[in-house]
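[1] Predicted coordinates and the sequence they were generated for:
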Amino acid sequence: MTRERFEELVSDALDEIPPELTAMMDNVVVLVEDDAPADDPDLLGLYDGIPLTERTLAWTGLPDRITIFRNPTLAICETEEDVVDEVAITVVHEIAHHFGIDDDALHDLGWD
């Protein structure tokens with residue numbers, strides 16, 4: 001799958017997030033990279049920032065980053081439909097981190 005098509009799928013997944021939630025997202029950018037960091041090459045997505053639940057009034061940081069990794073996602077998917085589903089799950093997972101929801105809570109909610 002081309003990078004352009006993968007980026008479209010990430011954009012489509014973002015469009016599926018309820019407007020009430022996207023309106024609450026603050027100072028966050030979503031990026032696509034081909035490869036995950038060398039120390040975790042199977043990583044599908046990464047949230048890098050200060051969750052909204054941990055920000056103080058004094059917070060004036062750079063934008064938080066959500067990165068979705070194309071090659072590791074493609075490696076675990078057999079069909080384009082699998083990629084669509086996995087991208088959607090990964091986008092929701094990383095946005096949840098932006099809202100302060102940790103991996104344990106996501107697991108309890110069935111998002112792992």
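    Cool, got the structure.
[2] which residues sit in contact with the nearest residue to Glu16 once chain neighbours are set aside?
    Residue nearest to Glu16 in three dimensions, not counting chain neighbours: Ala88, with 6.5 Å by C-beta to C-beta, 6 or more residues apart in numbering. For every residue, glycine as well, the C-beta is placed using N, CA and C. Ala88 makes contact with Asp12, Ala13, Glu16, according to C-beta atoms under 8 Å, 6 or more residues apart in numbering.
[3] Now, these that are in helices?
    Counting by DSSP state H, the part of the contacts of Ala88 found in helices is Asp12, Ala13.
[4] With respect to Phe69, which of the contacts of Ala88 is nearest?
    Nearest to Phe69 among these, counting by C-beta to C-beta, is Ala13 at 13.8 Å.
[5] Thr67: how many residues sit nearby?
    Here the count is done by other C-beta atoms under 10 Å, and Thr67 has 19 residues near it.
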